[in-house]
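Trainee: Fold the following.
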Amino acid sequence: MPINKKILTSFALVVIGAVIVYEMIFNLILPIALLFFDLYLLKILLKGFDNDEKIKSLLLFGDSSNLSSTKNNIP
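Mentor: I've put the predicted structure just below:
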């Protein structure tokens, strides 16, 4: 049973079209969408510091008096 040349040509065109669409999605549209998402995320993270709010010190970098009192209790 011979394969019709039109069917083979149309199948090749569909494959080439799919490759072109794949390239456009992952090399053009997706990086642009990720860039906008990153800019949006950065805007959200920096929004809290627009009002000249002071950053509260972390408990890790708290008073050294608490740390020295715990050192004295350890034998």
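
Trainee: burial of Val15, as a residue count?
Mentor: By other C-beta atoms under 10 Å, 10 other residues sit near Val15. To be clear about C-beta, it is placed using only N, CA and C from the backbone, and glycine gets the same treatment.

Trainee: Ok, Val21 next?
Mentor: Neighbours of Val21 using other C-beta under 10 Å come to 10.

Trainee: Tell me how far it lies from Leu30.
Mentor: The gap separating Val21 from Leu30 is 12 Å, by C-beta to C-beta, to the nearest Å.

Trainee: again with Thr9
Mentor: Separation of Thr9 from Leu30 (C-beta to C-beta) stands at 31 Å.

Trainee: Let me know the helix or strand that Leu41 is in.
Mentor: helix 30-47 (DSSP states H and E).

Trainee: Just the buried residues of that helix, please?
Mentor: Judged by neighbour count (16 or more other C-beta atoms under 10 Å), helix 30-47 contains no buried residues.

Trainee: residue ranges of the helices in the protein, please?
Mentor: Secondary structure of the chain (DSSP state H): helices at 5-24, 30-47, 64-73.

Trainee: export those to a markdown table and tack on mean pLDDT?
Mentor: Formatted as a markdown table, those follow (pLDDT from 0 to 100):
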| stretch | mean pLDDT |
| --- | --- |
| helix 5-24 | 93 |
| helix 30-47 | 89 |
| helix 64-73 | 54 |
